[in-house]
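Undergrad: Got a sequence here, can you model it:
(chains A and B)
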Amino acid sequence: MNRRVSLPPAVTRLMACLGGSVVLAMMVGRQQGSQQDYGLAFRESVLDVRIIGFLLLGVLAFLVITYREVVTPYVRRPGVRPLVVAVLVLVAAFFLMKWYDPLGDGKFGTLADAVAQTSGILPLAHVFFGWLWWVALIGLPVGTFVAIAIRNRRLAWIMAGLSVVLAVLTLVVHARSVAFAGGVDHSFGATTAFIGFLILAGAGVVAARSQEETAKTRAFVEQVMAYRPGLPLIVLGILLGLLALVLATWLAPRGDNLTLVDTSSLFSGSGLDGLATAVLGWLAYVLFAVVAVLGAAAVWLRSRALGWATAAAAALSILAVLYTLYAITDLAADQGYGTGTGPWQNLGTGGWVLCIALFTVGAGGAVAALQFQGRRGPEGSSDGVAGRLHDAGRSTTIRSLALFGIGLALFYPPTASGFWQQSLSTTIGVYVLLAIGLNVVIGWAGLLDLGFIAFYAIGSYTTAYLTNSLPVKPPSWLALSPLWAIPIAIAVCLLAGVLLGAPTLRLRGDYLAIVTLGFGEIIRIIAVNNPGNFTNGPRGVSDPVPHPVIDLGFVRFEWGGTSLQYWYLLLVLLAIVIVLFYRLEGSRLGRAWAAIREDEVAAQASGVNTTRVKLMAFAIGASTSGLAGVFFGSQVGFFNPQNFVLNNSILIVAYVVFGGMGSLIGAIAGAAALTWLPDFLRDQVPAEDRTMWIGAVLLIMMIFRPQGLIPARRREAELTGLAGHDIAARPSVQAIPASEGV
Amino acid sequence: MSTAISAASSTESDAADLVFDVRAITLRFGGVTSLDDVTLQMRRGEILAIIGPNGAGKTSLFNSLTGVYTPQEGEILVAARPGDRPQSVLGKKTHLVNHMGVARTFQNIRLFPALTALENVKVGVETRQKSGPVSAMLGLPWQRREERESTRAAYALLDRVGLAGRANSLAGSLAYGEQRRLEIARALATGPGVILLDEPAAGTNPAEKRELAALIQQINTEGVSVLLIEHDMKLVMSVAHRIVVLNFGKHIAEGSPEQIQRDPAVVAAYLGTSEAEAEQELESHDQPELRTIDISGDPLGTDDPGTSAPEGSRS
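TA: Okay, here's the model as predicted:
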């Protein structure tokens, strides 16, 4: 018998860490050699001085793992968690984000060089881009960490203050540099750095204020959120509003970035109508001040009426701002000022940021109002999903985040670059819809479906057929605009779901996965083979699918001018789907799905008709992809069977798992994050490396947070092993034991 | 109820009022005969216990009664709720058997662990409701009314098994005895005429066993017939009106607890000896009690270690 050489565990671990660092070095470095020299890539990425840096990283990881017991008390100190996040954000701001995109690659270094070579710019900018940034980037986190480690409150306060100063400085200096150079700017570097420094300041404050030895992050957050419900939103909104009113650009017609004041003087006496002139001149400030004061009062006085008043005032103000933006761009285009040819062009970020700010403050008011409304009602209403697990702080947090997310979804995209607008409304939007649909099948009913893309294909081809875009024409009475095709496409997908489900749902687990995988391929191959000249084969649809039109006689609106129009259509569809599915999850059918996922035999014995319930999961999931198919078909116009390859099915499964199986918000977040990532990586890593990095992200996620980004309560309970008796022992709050110890 | 109890003491069965009428069923798995020509009748309103050594076919019988297994021979008729016409169980799907009024629990607890206790029971209640996914999505009035009704019914059931305080705890986080009771609540939620309990006392402590016995009797007095598999003879003797004994898939004895305790065939089955030896054994003891030769493997229940020894070889 061969005896295995047993190494001490420490040596094995060190070798694993070093091996990992070599892999990382290869990932970061060059990966392809040439035909003349196959070893080139390996030599350049591994056999090079830079490997020392990576090996040091490996050794560091080894030390951290080995001396975890020694390190842990420090890491658990209050403030360390935000500190780590802040450092990550700052590093991301430096390495990944663009600081001023008209400058080629637009990274920090490029801008710093440009500033160094330019005289006449704010002296502070020279200092900031010259050395201050580096001192801050290294000094502030180190200083904050020292303050946390030696528990020096004064030092922590100083670091927090300096961080705030640096945050403001970053924005000011960047804005001045951009204004100096001119040109439209879509960069996020400075904003990200701003956020990073603010988080760092938060770490300092936490360290200075906290009495405890170990951090109770979740409890702390909930305490903050429950202190005055809505207050964090109000503060955030006021900060954003000040930014919009003072610094941000409102109009950028010829490369000149006009702030609110500049815009106001530009349009003085140009025949702009009264409201818009007033908003530009003084009304914007007044409206913002009114909303902010109302919001602050509502939150502080815990007044329900004031809360709703804030929300209403914010809504009116947003309308006024939007009208102004429309008026000024319309006028600018009319008078041939700048390059615009119609309304909504050449806008800066200012107006939109002000909208986000107003929305956020209004949302703060609404959160406050809802919270106090809830207090008055009977406590502990019978709903099972809600119930004890959600205490006040947690529900406020969720509401606040959700509302802020809605605000961003509404008003952020117009400030994004054309590429991101396109990406948002095509890939991200469509895959979010698909992930919501697949979440029903995988997350709720627990059926692994690897052929989900087939329903999407069926939906797309149905749309193409109904809109006269395939070689085979529908009867004339059936030729429809895409919007009217939605119910039919949904119905066809429902039917397809039932047809696939009926024979296959007796199978379980792996067998079902294989059969659905086969189904997905069959549908794609049918599309390629073009039976009866229906699908037009691999070339895809023969005529472009038309854009959706709303024609009510007196108003007519046709989509297709910009990607943004599709984005807003998508938001409406998403909102409807989310509301419907949210209700479904808490209904009888949702519980039956959970039951068969948990224990099919027990569900049957309890009288659940498992076949019927599973069929419904398949059909309802499929119907969502019918909706996505309509949206996708009419937006891109052309598609072919290549859009429906197996790879995409697997990607959707990955989105659902990544986001958190069984969680509606999780599926959306997972799909958004993982479709955003490749587009984001486009600028960061070579194109052929992208999938590798995505794979690495997935791996790390599944190792450290297997329950997904935003796990469903039910699933979270499964994956964290219930920690059941723990819950039983503690009667009050903190019912969800997960993640704090991860 | 009193009529049912008095019926239990009589040996003649009243053919008109049977919950289960099992006629000579035989269930085989390949070469193994799990149930061999078993015939038994369960009367309405009684607590009938099925006992027998491990591998005797008790759980197979339960699975046959609930439609999980279909016996190759014989017939099973069920008329679970009062006034039902006897219908065959054979070939029916499990959930349909449940809809006919037959509810069950499992030997190894099978709850939906990641659902709350309340949701577990609601799943059961809602299998009798009508509203579909569309009305749920649109929040239509009758769906909301059904939702309220199911919540109210589920709370009432939890209260009945003493779990009202744990309604929003995850089922998987409940203590073992609580899980057993929750499973009973879920079974009752489907509105059964007969409930099949598969070793409800397994793994519970004496105090929980007493509560369980009270619960079983209470369920029974409320008009639900109870079919019980149990190894704990104390519990069986205290609650059962009648007992059926299975051994090696065969029906070997049937009668009141007193009769069963004195039945040589039963004692032989439990001791693993011949009937003649068992008869001697019975005569030598003045007042033999079957619970002293309990096969549950509980050493505290056996005062003679020698009697429990052969059991190990049997399983």
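
Undergrad: Output the below-cut-off pLDDT ranges for chain A.
TA: A:1-5, A:182-186, A:213-215, A:254-257, A:373-393, A:714-742 (pLDDT under 70).

Undergrad: can you pull the contacts of the one residue in the stretch 201-315 of chain B that gets nearest to chain A?
TA: Among the residues of the stretch 201-315 of chain B, B:Leu227 lies nearest to chain A; the distance is 14.0 Å by C-beta to the nearest C-beta. Every C-beta, even on glycine, is put in place using the N, C-alpha and C of the backbone. For B:Leu227, the residues meeting the contact criterion (C-beta atoms under 8 Å, 6 or more residues apart in numbering or on different chains) are B:Phe20, B:Met42, B:Leu48, B:Ile50, B:Phe62, B:Leu65, B:Val194, B:Ile195, B:Leu196, B:Leu197.

Undergrad: Among those, which lie within strands?
TA: When these are checked against strands using DSSP state E, the ones located there are B:Phe20, B:Met42, B:Leu48, B:Ile50, B:Val194, B:Ile195, B:Leu196, B:Leu197.

Undergrad: Just give me the closest of the residues you listed to chain A.
TA: Set against chain A, the nearest of the ones in strands among the contacts of B:Leu227 by C-beta to the nearest C-beta is B:Leu196 (9.3 Å).

Undergrad: shouldn't the closest one be in contact with B:Gly101?
TA: No - with contacts counted by C-beta atoms under 8 Å, B:Leu196 stays clear of B:Gly101, the gap being 11.3 Å.

Undergrad: higher neighbour count, those two?
TA: B:Leu196 (24 against 21; other C-beta atoms under 10 Å in any protein chain shown).

Undergrad: Quick check: the residue of the stretch 201-315 of chain B closest to chain A is in a helix.
TA: No - the assignment for B:Leu227, made by DSSP: H, G, I helix; E, B strand; the rest coil, is strand rather than a helix.

Undergrad: Return the member of the ones in strands among the contacts of B:Leu227 nearest to A:Val601.
TA: Distance to A:Val601, by C-beta to C-beta, is smallest for B:Leu196 among those, at 14.0 Å.

Undergrad: ok, so what distance separates the closest residue to that closest one other than its chain neighbours from B:Met42?
TA: Of all residues beyond its chain neighbours, the one nearest B:Leu196 is B:Arg104 (3.9 Å), with distances taken as C-beta to C-beta, 6 or more residues apart in numbering or on different chains. B:Arg104 is 14 Å from B:Met42, where distance means C-beta to C-beta, to the nearest Å.

Undergrad: Which one's more surrounded, those two?
TA: The neighbour comparison of B:Arg104 against B:Met42 (other C-beta under 10 Å) goes to B:Arg104, with 26 against 23.

Undergrad: can you tell me which residues contact that one?
TA: When contacts are counted by C-beta under 8 Å, 6+ apart, B:Arg104 touches A:Ala605, B:Phe62, B:Thr66, B:Ala187, B:Ile195, B:Leu196, B:Leu197, B:Asp198.

Undergrad: how is chain B carved up into domains?
TA: For chain B, whose domains are defined here by automatic domain parsing, the residue ranges read B:1-101+B:193-315, B:109-191.

Undergrad: Out of these, the one nearest A:Leu677 is which?
TA: Proximity to A:Leu677, assessed across these by C-beta to C-beta, is greatest for domain B:109-191 (29.6 Å).

Undergrad: Now do the strands in the chain.
TA: Went with chain A since none was named. Under the criterion DSSP E, chain A contains strands at A:249-251, A:258-259, A:549-551, A:556-558.

Undergrad: The chain in question should be chain B.
TA: With DSSP E as the criterion, chain B has strands spanning B:18-29, B:32-43, B:47-51, B:73-78, B:87-88, B:102-104, B:194-198, B:225-229, B:242-247, B:250-255.

Undergrad: and the ones you listed, which is most packed in?
TA: Of the strands of chain B, the one with the most neighbours on average (mean count of other C-beta atoms under 10 Å in any protein chain shown) is strand B:102-104, at a mean of 28.

Undergrad: hey, what's the residue of the stretch 201-315 of chain B closest to chain A bridged with?
TA: Legend: beta-bridge partners of B:Leu227 under DSSP bridges are B:Leu48, B:Leu196.

Undergrad: mind checking pLDDT for it?
TA: Predicted confidence (pLDDT) at B:Leu227: the value is 93.

Undergrad: Counting neighbours, what do you get for whatever residue of the stretch 51-200 of chain B ends up closest to chain A?
TA: When scored by C-beta to the nearest C-beta, the stretch 51-200 of chain B has B:Ser173 as its residue closest to chain A, at 3.0 Å. B:Ser173 is flanked by 24 other residues according to other C-beta under 10 Å.

Undergrad: now swap in the one 5 residues further on and tell me
TA: Other residues within reach of B:Glu178 by the criterion other C-beta under 10 Å amount to 19.

Undergrad: quick one, what contacts it?
TA: Taking C-beta under 8 Å, 6+ apart, one finds B:Leu163, B:Arg166 in contact with B:Glu178.

Undergrad: For residue 40, which non-adjacent residue is closest in space?
TA: Reading this off chain A. The spatial neighbour of A:Leu40 that comes closest, neighbours along the chain excluded (C-beta to C-beta, 6+ apart), is A:Gly33 at 4.1 Å.

Undergrad: nope, chain B please
TA: Closest residue to B:Leu40 in three dimensions, ignoring its sequence neighbours and counting by C-beta to C-beta, 6+ apart: B:Val22, at 4.9 Å.
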